[in-house]
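In: Coordinates only, no sequence provided:
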Ligand SMILES: Nc1ncnc2c1ncn2[C@@H]1O[C@H](COP(=O)(O)OP(=O)(O)OP(=O)(O)O)[C@@H](O)[C@H]1O
Ligand SMILES: CC(C)(CO)[C@@H](O)C(=O)[O-]
Ligand code: BAL
């Protein structure tokens, strides 16, 4: 049975058996989250504990972003988390996480957090890292699972844990997609049927880049292949960025002799909904 708790005190009172695995979410759970939770369950085993956090963190939303309309579906989340194997769902209120109001002291992603998502959403990563640090302290996991769909977020969390000696393993989970390629996202539910069709340009662009690489293309040609798909989508999407990124520091790859793993990432608005996606490409 899955236990739902709302307070730090209730969370603290939960049994602490075996390996402790945590999946952090903002709720509105879907199959991508279920995959993270199932992976955590497998890792924790029958003797361990899987904790899922559900918290829409105001600190990582900028003015004019979608904090107010972000979907909140706790009853359904509890069912999905339970079916996927969670032992505990921790769904605190804002006052429980920030009892003193907005924190004075926050974490910063530094240079790695200033490009791409960081440029489009100033302050987003500071708020994200701050709440992830707090939730790591509150849940005390041996291992925490995050999705590769939020690639820059995952890179920054790994860096925070390494730079600040958090005693936890960070595990990445590959992006779960619909059959037609669209990356699952809580925000997909805002897409009207015709917007959902247009949103396919994001994954198609990334796949075009990946296919170009499979045919031997160098970095600039990979990016061009993806760009062509986005250009063909025209005004159907409002492109924010397309980047071919070195994941070690989250800077743009600007040389043709790059070797190693790159991340081809895209962000765009479809109607009023902002979506992100990425694929890994090896050079
Ligand atoms: N399609 C997916 N595949 C794998 N992991 C995912 C997927 N979507 C989200 N996640 C991961 O689930 C965790 C919680 O993410 P979050 O609750 O923000 O969901 P989301 O679907 O990314 O929502 P949003 O619409 O806010 O982007 C993060 O680690 C995120 O990377
Ligand atoms: C990691 C996270 C739960 C922090 O609020 C959020 O950014 C998310 O859901 O990806
Ligand atoms: N999945 C990233 C959380 C956010 O968009 O704020």
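Out: That came in fine, so what should we check first? Predicted model, so just to flag it, every value in this text is computed and none were measured. Ligands and ions are numbered 1, 2, ... in the order given.
In: could you pull out the strands for the stretch 51-200 of the chain?
Out: Ranges of strands in the stretch 51-200 of the chain, per DSSP state E, counting those that start in this stretch, are 88-90, 143-147, 169-173.
In: just these: most buried one?
Out: Mean neighbours per residue, mean count of other CB atoms under 10 Å, is largest over those for strand 88-90, with a mean of 24. Every residue, glycine included, has its C-beta placed from N, CA and C.
In: Mean confidence (pLDDT) on it, please.
Out: Averaged over strand 88-90, pLDDT sits at 98.
In: Relative to that strand, what are the paired strands and their orientations?
Out: According to DSSP bridges, strand 88-90 forms sheet pairs with strand 3-5 (parallel), strand 49-54 (parallel).
In: chain center to it, what's the gap?
Out: Distance, stretch centre to chain centre, for strand 88-90: 19 Å (CA atoms, centre = their mean, to the nearest Å).
In: Do you have the helices of the chain handy? List them.
Out: 8-12, 31-44, 74-84, 94-97, 117-120, 124-139, 151-163, 193-214, 219-233 (DSSP state H).
In: coming back round to it: select, out of the strands of the stretch 51-200 of the chain, the one closest to ligand 3.
Out: Counting by CB to the nearest ligand atom, ligand 3 lies closest to strand 143-147 out of the strands of the stretch 51-200 of the chain; the figure is 7.8 Å.
In: can you tell me which of the helices of the chain comes nearest to ligand 2?
Out: helix 124-139 (4.6 Å).
In: anything in the closest one near ligand 2?
Out: Yes. Among the residues of helix 124-139, 128, 131-132 lie within reach of ligand 2 under CB under 6 Å from any ligand atom.
In: Turn the strands paired with strand 88-90 into TSV, columns for mean neighbour count and mean pLDDT.
Out: Shown next, in TSV, are these (neighbours: other CB atoms under 10 Å; pLDDT from 0 to 100):
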stretch	mean neighbour count	mean pLDDT
strand 3-5	17	98
strand 49-54	27	98
